[in-house]
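*Asks:* this is a predicted model, with the sequence first.
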Amino acid sequence: MSLRYFSLVTIFILPTGMSQLSGDPLSCVNEGERIEIPSITVDPCISCFCKNKKVECGKEKCRSMDDCALVITSLGLDCCERCKGCFLNGERYESGETWTSNDDVCEIFRCQEGAVTSSKIQCFVPCTKPIAITNQCCPVCQGCSFEGKSYNNGDTFSVYNDVCVQCSCENKNVYCEKQSCPVLSCPLEQQATQQGTCCPECTVRRRVFDLANRCLFRNSIYYDGESFEEDQCTKCICLDATVICRRENCPILGCEEKDIILEAGKCCPECLDYTCSENSNIYMESETWFKEDDSCVQCTCKRGKITCDHIQCDNIVDCPYDHTLTKGDGECCYRCVENMGVCTVFGDPHYKTYDGRLYNFQGTCKYVLTSDCHDNSFIVRVKNSARNTASFSWTKSVYITIGDYDVTFHQGLNVRYKQHPISLPFEESSVFYIEIRENMVTMTTRLGMVIRWDGDSYLEVVIPISYKNKVCGLCGNYNGNLWDDYTTRGGVVKNHAPLFAETWRIGRRSVCDRPERKRIKGRDEHCEEGSKRKKKAEKKCRILHSRVFDECKKRVDVEQYYNSCVTDMCECTDDRQCQCEATIAYHRACIRIGLDVNWKRRNVCKIDVCPRGAAYDKCAPACQKTCQFRNRLNECREICSPGCTCPEGYVVSANTCIRPEECPT
């Protein structure tokens with residue numbers, strides 16, 4: 001191909017944001033071919049292509065970086081600079097973008113030049129009869145007026161001369177909240193707050209290279225997994241080249257500025273000690289409480305005086321994921337409460353922590369899965385086995401200790417108590433109850449903990465929220481933050497699962513290292529794309545994309561379970577159904593959010609349908625009533641979980657609901 005070059009070239013800007021080079025046309029032959037023109041295409045912003053036998057060149061127009069304080073540059077290798085964004089939970093966010101948590105409408109996130117700030121919204125309620133709104137953090141006050149002044153729809157105003165407390169008139173209601181300022185990555189000396197605004201901004205623009213697996217914060221560089229404290233209110237960690245910070249948003253103070261103090265070492269200022277007294281009880285400034293004889297009357301201590309209001313309950317129909325609609329003793333309104341913590345182990349094995357972090361770890365030793373590291377009330381250990389594979393492992397047995405009671409789950413739904421085999425169902429001194437339920441060994445304990453085991457490698461541990469921030473092990477620390485789940489036995493947060501998991505190993509490595517094995521032809525090969533083994537794995541795992549899970553797939557991501565399933569199938573022996581562990585895990589995840597996954601017929605994974613005469617219930621008793629056992633420990637009645645249950649007055653016998661008088665003698 002020959003090209004003719006002309007010295008006259010001019011540029012004009014097109015409305016599309018691209019520039020077009022014009023001048024004497026150059027001819028070309030190969031349609032769509034990229035054409036390199038000396039002294040022109042050396043500019044990374046200019047690209048030339050063959051179109052209709054003529055060379056056409058365009059120039060990319062870059063967006064302005066005037067509003068960005070941390071600019072990523074490539075020193076001319078790329079056309080445009082870009083503003084440093086954020087990466088969180090597998091999602092990318094642009095600088096300045098804000099969003100709320102899927103689990104808590106009061107938790108707000110903001111990305112600001114490579115730093116994500118997570119904080120709780122603080123509400124301000126300027127009325128005596130607030131109205132709660134579904135899926136909205138703060139209640140509203142009817143009528144757009146405050147301190148005798150009326151406002152129109154769309155108006156905004158501040159209160160207590162605090163520019164961070166913003167109120168707005170929306171749909172003839174007043175909504176108020178306190179703004180939480182984002183964490184800024186620039187040094188403190190480069191930050192300034194403009195008059196009349198709440199939050200500081202960076203005043204200097206910095207241009208830096210993109211640092212893989214590292215974070216630039218202030219004048220320091222942090223490595224992936226490294227934690228640090230930004231100030232008394234803010235704790236941060238570097239993850240995926242993004243600084244992720246949890247910042248405490250201090251409550252709104254109703255006292256005058258002269259009455260506000262900030263004690264050394266504390267995050268939030270406080271009002272001076274105003275107190276209120278009622279029925280011999282002393283209440284602090286801004287403290288709220290309910291009347292002893294009426295849980296729907298709420299009182300507040302305000303500058304030494306008590307004001308009381310009747311609560312108006314919102315008609316809540318549905319709750320967010322991982323929450324249940326309930327009303328406790330002494331409460332006025334129904335509310336959505338967080339479900340118990342769930343840790344699952346399945347397949348090769350894959351671990352999903354209480355806080356929702358999914359990771360793989362193929363160790364073949366004995367490990368602490370989860371333990372009460374606060375009061376030592378329980379510990380659950382697991383023993384993994386290689387099962388004749390070159391690089392994978394599976395959970396072989398489970399060891400449960402509650403005080404002086406030791407229970408072991410083995411393969412094939414076999415259970416031992418104090419090292420002796422037992423028949424199920426079995427109850428011990430109101431400490432625990434064990435039964436076979438829906439093809440799983442199910443253990444319910446007086447601690448409120450429930451453990452399920454399928455006799456192969458699927459394991460599920462459920463603990464009440466009272467254990468938040470009190471547990472440790474491979475299941476994580478259950479503190480609502482999945483990013484520090486890789487906390488070692490020594491309290492250090494690691495950024496790689498194996499480094500973290502190995503610290504929870506029990507005993508010497510020499511007794512559990514993977515033995516040398518002969519490579520088995522066909523099985524030890526990797527599942528290359530297009531290989532017979534990969535195609536077989538994908539076919540077996542297709543059950544996760546079947547119609548039975550259609551409703552669940554709208555709320556629970558199926559792809560991580562599908563990918564885990566394909567991984568399990570790669571080193572699966574011919575005598576096992578390795579797709580079942582991921583399938584059971586996904587089925588259980590669907591059940592836990594209250595979805596009835598209705599298997600019309602028996603399936604290869606033996607996921608059971610309900611007993612004849614039973615019905616699916618979002619809050620079924622933790623233990624089934626059977627002919628042998630009809631009255632169980634209190635936890636069987638107090639704990640509920642999604643599952644099958646017989647009608648009131650019936651028990652289960654031979655997978656059928658019958659009346660107690662019909663039980664075989």
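*Replies:* Perfect, I can see it now. Residues are numbered from 1 along each chain as shown.

*Asks:* ends of stretch 554-564, what's the gap?
*Replies:* One end of stretch 554-564 sits 19 Å from the other (CA to CA, to the nearest Å).

*Asks:* and what of stretch 439-456?
*Replies:* First-to-last residue span, stretch 439-456, CA to CA: 11 Å.

*Asks:* just the buried positions in that stretch, please.
*Replies:* 440-456 (16 or more other CB atoms under 10 Å). In short, each C-beta sits where N, CA and C put it, glycine included.

*Asks:* which members of the residues you listed are positioned in strands?
*Replies:* Of the buried residues of stretch 439-456, the ones assigned to strands by DSSP state E are 440, 441, 442, 443, 444, 445, 450, 451, 452, 453.

*Asks:* contacting residues for the last one?
*Replies:* Taking CB atoms under 8 Å, 6 or more residues apart in numbering as the criterion, residue 453 is in contact with 398, 409, 413, 440, 441, 459, 460.

*Asks:* adding secondary structure and distance to residue 28, write these out as CSV.
*Replies:* Below are the contacts of residue 453 laid out as CSV (DSSP: H, G, I helix; E, B strand; the rest coil; distance: CB to CB, whole Å):
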residue, secondary structure, distance to residue 28
398, strand, 69
409, strand, 72
413, helix, 72
440, strand, 68
441, strand, 72
459, strand, 64
460, strand, 64
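
*Asks:* which residues in the stretch 501-650 of the chain form strands?
*Replies:* 505-506, 615-621, 640-645 (DSSP state E, counting those that start in this stretch).

*Asks:* just the pLDDT for residue 634.
*Replies:* The model reports residue 634 with a pLDDT of 53.

*Asks:* any idea how far the nearest residue to residue 219 once chain neighbours are set aside is from residue 204?
*Replies:* Of all residues not flanking residue 219 in the chain, residue 187 sits nearest, at 5.4 Å (CB to CB, 6 or more residues apart in numbering). Going from residue 187 to residue 204 by CB to CB, to the nearest Å gives 8 Å.

*Asks:* returning to that earlier point: which of the ones in strands among the buried residues of stretch 439-456 sit farthest apart?
*Replies:* Greatest spacing in these, by CB to CB: 440 and 445 (15.5 Å).

*Asks:* low-confidence ranges in the stretch 1-150 of the chain?
*Replies:* For the stretch 1-150 of the chain, the stretches with pLDDT under 70 are 1-23, 75-76.

*Asks:* and if we set it to 50?
*Replies:* The stretch 1-150 of the chain contains residues with pLDDT under 50 at 1-21.

*Asks:* which regions of the stretch 251-400 of the chain sit below the pLDDT cut-off?
*Replies:* In the stretch 251-400 of the chain (pLDDT under 50), no residue qualifies.

*Asks:* so the residue nearest the centre of the chain, which state does it fall into?
*Replies:* Centroid check for the chain by CA atoms, centre = their mean gives residue 356 as the closest residue, at 5.0 Å. At residue 356 the chain is in coil, as set by DSSP: H, G, I helix; E, B strand; the rest coil.

*Asks:* what's the helix or strand containing residue 111 in contact with?
*Replies:* Using DSSP states H and E, residue 111 falls within strand 107-112. Residues outside strand 107-112 that contact it (CB under 8 Å, 6+ apart) are 85-86, 88, 93-101, 116-121, 180, 182-185.

*Asks:* buried subset of the contacts of residue 453 as a PyMOL selection?
*Replies:* In PyMOL, a selection of the buried entries from the contacts of residue 453 looks like this (16+ other CB under 10 Å):
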select buried, resi 398+409+440+441+459+460
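
*Asks:* can you say which two of the contacts of residue 453 are spatially most distant?
*Replies:* Every pair of those checked by CB to CB; the farthest is 413 and 460, at 14.4 Å.

*Asks:* next up, the contacts around residue 174.
*Replies:* 126, 127, 140, 141, 143, 144, 145, 146, 151, 167, 168.

*Asks:* and which of these is nearest residue 308?
*Replies:* Nearest member of those to residue 308, counting by CB to CB, is residue 127, at 13.4 Å.

*Asks:* so what's that closest one closest to, chain neighbours aside?
*Replies:* residue 141 (3.5 Å).

*Asks:* was I right about the one you found contacting residue 124?
*Replies:* No - taking contacts as CB atoms under 8 Å, residue 141 lies outside contact range of residue 124: 9.9 Å.

*Asks:* in this structure, which spans are helices?
*Replies:* Taking DSSP state H, the helices of the chain run over residues 497-502, 532-540, 550-553, 559-570, 579-592, 634-638.

*Asks:* any idea how far the spatially closest residue to residue 68 that is not a sequence neighbour lies from residue 92?
*Replies:* Residue nearest to residue 68 in three dimensions, not counting chain neighbours: residue 83, with 3.7 Å by CB to CB, 6+ apart. Counting by CB to CB, the gap from residue 83 to residue 92 is 12 Å.

*Asks:* more neighbours, those two?
*Replies:* For residue 83 versus residue 92, neighbours defined as other CB atoms under 10 Å are more numerous around residue 83 (20 against 12).

*Asks:* surely the more buried one and residue 65 touch.
*Replies:* Yes - if you go by CB under 8 Å, residue 83 and residue 65 touch, sitting 6.3 Å apart.

*Asks:* touching, residue 551 and residue 595? I think so.
*Replies:* Yes - judged on CB under 8 Å, residue 551 makes contact with residue 595 at a distance of 5.7 Å.

*Asks:* ok, those two, which is more surrounded?
*Replies:* Each of residue 551 and residue 595 has its neighbours counted (other CB under 10 Å); residue 595 has more, 19 against 14.

*Asks:* pretty sure the more buried one sits against residue 552.
*Replies:* Yes - using CB under 8 Å, residue 595 is in contact with residue 552, at 5.2 Å.

*Asks:* now do stretch 424-438: distance to the chain's middle.
*Replies:* 32 Å (CA atoms, centre = their mean, to the nearest Å).

*Asks:* that stretch: which residues count as buried?
*Replies:* Residues 424, 425, 426, 427, 428, 431, 432, 433, 434, 435, 437, 438 are the ones in stretch 424-438 that count as buried (16+ other CB under 10 Å).

*Asks:* residue 49: which of these is nearest?
*Replies:* Relative to residue 49, the closest of the buried residues of stretch 424-438 is residue 438; by CB to CB it sits at 61.5 Å.
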